[in-house]
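K.L.:
Quick one, structure for this:
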Amino acid sequence: MTSSALTGGLFLFVLCMSYMTASIPDGISFADLQALAKDAPDDSAIVPTKGPYNGLNEEQLKDLVETYLENIHEACPHPMFVKAIIFRLITNMLEWHTVAGMHQIDDNETENGMYWLRDAGKFQSMLCTLNTITMGEGDFLCE
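P.N.:
Next comes the predicted model:
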């Protein structure tokens with residue numbers, strides 16, 4: 001590489017640095033700062049739409065789960081209904097963890113992908129165990 005090729009980059013760098021430092025003031029007066037504060041948006045009015053659990057705190061989440069469980073029992077008090085729901089929830093978690101793990105591997109995050117897939121295997125184990133628990137006659141999920 002010749003020195004003339006480097007000179008262009010150096011010239012551009014010095015020009016940019018000169019422009020940037022010329023546009024940054026050495027200081028700001030208190031009056032100017034107060035004027036800027038008057039025009040600043042009111043951050044206290046910003047209410048997050050999503051919290052740690054999609055806008056719910058831990059207690060609200062637990063209450064919502066309890067409400068849904070009561071509704072499930074009222075809709076169909078048979079234990080097979082609950083087993084089918086559990087089976088579906090665990091299947092969803094298995095699929096979610098498998099897809100997430102594969103995406104991590106595709107993104108060259110192999111170690112993270114391994115952790116997701118390891119957890120997917122735990123959900124698979126839960127499904128295998130659930131399949132061995134019988135709800136009596138008509139348990140279509142029991143092996």
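K.L.:
name the element the residue lying closest to Leu56 once chain neighbours are set aside belongs to?
P.N.:
Here the nearest residue to Leu56 in space, its sequence neighbours aside, is Leu64; by Cβ to Cβ, 6 or more residues apart in numbering that works out to 6.7 Å. All C-beta atoms are positioned from the backbone trio N, CA, C, and that covers glycine. According to DSSP states H and E, Leu64 maps onto helix 58-75.
K.L.:
Run through the neighbouring helices and strands of the following helix or strand past that helix.
P.N.:
Tracing the chain C-terminally past helix 58-75 and defining elements by DSSP H and E, one meets helix 79-106 next. Contacting helix 79-106 under the criterion 3 or more Cβ pairs under 8 Å, 6 or more residues apart in numbering; DSSP states H and E are the following elements: helix 58-75, helix 110-131.
K.L.:
Spell out which residues make up each domain of the protein.
P.N.:
According to automatic domain parsing, the chain is divided into the following domains: 3-45, 78-131.
K.L.:
Averaging pLDDT over each of these, report the lowest-scoring one.
P.N.:
Mean pLDDT across the domains of the chain is lowest at domain 3-45; the value there is a mean of 58.
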